[in-house]
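Asker: Using only what follows, build the 3D model:
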Amino acid sequence: MNDMVHEQALDCKGLNCPLPILKTKKHMDAMQSGQVLKMEATDPGSVNDVNAWTRRTGNELVAHSEKGGIYIFYIKKA
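Answerer: Numbers count the residues shown, from 1 in each chain. Below is the predicted model:
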């Protein structure tokens with residue numbers, strides 16, 4: 001996947017659950033509606049966590065991919 005257009009980036013590599021989601025929530029809280037956050041994590045559990053969190057919060061998981069053990073998420077703020 002090519003690098004999508006995003007306004008903010010968050011590096012959560014090396015962090016384990018629940019830190020990637022907690023940091024993502026804090027970051028998203030400071031963003032404007034419609035902005036896209038690129039979040040990178042190495043915790044495989046972050047895939048399920050991000051999916052569940054976006055469904056619960058109404059934020060949109062625009063895309064996600066995995067490359068070399070790094071999970072990349074693009075999340076659009078509701």
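Asker: Tell me the pLDDT of the closest residue to A78 other than its chain neighbours.
Answerer: The shortest distance from A78 to any non-neighbouring residue, by Cβ to Cβ, 6 or more residues apart in numbering, is to G58 (4.3 Å). Where you see a C-beta, it was placed from the backbone N, CA and C, and this is true even at glycine. Per-residue confidence (pLDDT) for G58: 97.
Asker: With the one 10 residues further on instead?
Answerer: The predicted local distance difference test score for G68 is 96.
Asker: what about it, how many neighbours?
Answerer: Using other Cβ atoms under 10 Å, G68 is surrounded by 5 other residues.
Asker: and what of A63?
Answerer: 14.
Asker: And for Y71?
Answerer: When neighbours are counted by other Cβ under 10 Å, Y71 comes out with 21.
Asker: Return the backbone torsion pair for the nearest residue to it once chain neighbours are set aside.
Answerer: Nearest non-adjacent residue to Y71, counting by Cβ to Cβ, 6+ apart: A41, 5.0 Å away. Main-chain dihedrals, A41, degrees, to the nearest 10: phi -140, psi 160.
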